[in-house]
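In: Here is my input; please provide its structure:
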Amino acid sequence: MSGARRIVVKVGSSSLTSIKGGISEEALTGLADALAHKRNAGAEIILVSSGAIAAGLAPLGLEKRPRDLATQQAAASVGQGLLMARYTHAFGAHGVTVSQVLLTADDFMRRSQHTNAFRALDRLLNLGVVPVVNENDTVATHEIRFGDNDRLAALVAHLVRADALVLLSDVDSLYDGPPSHGAKRIPHVSGPHDLDGISIGSTGKAGVGTGGMVTKVEAASIAAGSGIHALVTSTRNAAAALAGEDVGTWFSVNGSRKPIRLLWLAHLASVQGTLVLDDGAVKAVRDRHTSLLPAGIAAVRGHFEAGDAVEMVSTDNTVIARGLVNYSAAELPQMLGRSTRELGKALGRGYDREVVHVDDLVLV
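Out: Just a heads-up that it's a prediction; the model follows:
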């Protein structure tokens, strides 16, 4: 970590705010001090910060995080400005400029948008700015949103080609059980097998977050599986973590970089339907990494349009892959079990394509 040049740091709502006190000046200033020190030492820092909704609760007279989307959006609209004002002041004390970058899941789905997001973030980093990234809660919908900023941070780390991802909360490490019951810290995770049998906790103590340790482990695993080292620790350990000290749980790289659209498909896409594959198609897709053809589909479930995300399952309902389908649920039944050549002759041009092209497919 000490040698990482480009680092994405994510901090959760529970570390920055509480329902009674709004934004914690002490916590925010302490985090800004640690990040500014690292930035002034030559590293490039992107901060993915939750807290907008939580920061907006007190000014709106709300006692707890609202459940309905409209009130969440209203709280985010009020709280985001308050959050950025505090960050501007705290980083400014160290001569560091910050900027606001609001993203939605849609920005990672479309090539033109995630390309523009990369260019903007890359230029900000080149100019010595610390971008403060958050989900654009005011315009996000239930259907297309991150829901927590942990997965957003993992995708941002991938987008900007970061060397490391640091996920901060109010828990100092991953443990093999409840820390209050004498559980041991897990210092290193080299792959998913290291987490077999581990029970992972949920939302933080302040009660204002949406993630918890489950989503942090998921985000760290996404990063590690796509070529980026990740560390899960507490906000109080931020300075020690950035200095390379032995704190938290380190997730070492266990995979290579993937197209960001496939990461979105694997971890964020809203699945609209299911394609049931016969045994031959399962082997072709899973083992030979080929496109899915109509001849290998045994059944179609759900209602979806061309371009939607679907799951591909075996006849015993084991999920094999996710992909972007080229035909609607209404078109597919007449195509099942037939070759693309036969379909082209019978139904015309446009029906001789793959149902899911291998470039739009990810194994899960």
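
In: Surely Val48 is within a strand?
Out: Yes: counting by DSSP: H, G, I helix; E, B strand; the rest coil, Val48 is part of a strand.

In: Spell out for me which residue occupies the centre of this protein.
Out: Arg151 (1.7 Å; CA atoms, centre = their mean).

In: My guess is that residue contacts His267. True?
Out: Yes: using CB atoms under 8 Å, Arg151 is in contact with His267, at 6.0 Å. For the C-beta atoms, the positions are set from N, CA and C on the backbone; glycine is no exception.

In: Can you tell me how far the nearest residue to Gln100 once chain neighbours are set aside is from Asp33?
Out: Leaving out its chain neighbours, the residue that sits closest to Gln100 by CB to CB, 6 or more residues apart in numbering is Met84, at 5.3 Å. Computed with CB to CB, to the nearest Å, the distance linking Met84 and Asp33 is 17 Å.

In: Helices of the chain, residue ranges please.
Out: Taking DSSP state H as the test, the helices found in the chain are 13-16, 25-40, 52-57, 69-92, 106-109, 111-126, 149-159, 213-225, 238-242, 260-267, 279-286, 340-347.

In: Now do the buried residues in the fourth one.
Out: By neighbour count, with 16 or more other CB atoms under 10 Å as the criterion, the buried positions of helix 69-92 are 71-80, 82-84, 86-88, 90-91.

In: One more: the second one?
Out: Of all the residues in helix 25-40, those buried under the rule 16+ other CB under 10 Å are 27-39.

In: tell me which of these is nearest to Ser199?
Out: Nearest to Ser199 among these is Ala27, at 27.5 Å by CB to CB.

In: OK, contacts around the nearest residue to the closest one once chain neighbours are set aside?
Out: Distance criterion CB to CB, 6+ apart; nearest residue to Ala27, sequence neighbours excluded, is Leu16 at 5.4 Å. The contact partners of Leu16, by CB atoms under 8 Å, 6 or more residues apart in numbering, come to Ile23, Ser24, Ala27, Leu28, Leu31, Ser49, Ser50, Gly51, Ala54, Ala55, Leu83, Thr235.

In: Kindly report the same for Val232.
Out: If a contact means CB under 8 Å, 6+ apart, then Val232 has Leu167, Ser169, Ser173, Leu174, Met213, Lys216, Val217, Ala220, Gly248, Thr249, Phe251 as its contacts.

In: try it again with 10 Å
Out: With contact taken as CB atoms under 10 Å, 6 or more residues apart in numbering, Val232 is in contact with 10, 150, 165-169, 171-174, 186, 189, 213, 216-217, 219-220, 241, 247-251.

In: List the ones among the residues you listed that fall in strands.
Out: With DSSP state E as the criterion, strands contain Lys10, Leu165, Val166, Leu167, Leu168, Ser169, Val189, Thr249, Trp250, Phe251 from among the contacts of Val232.
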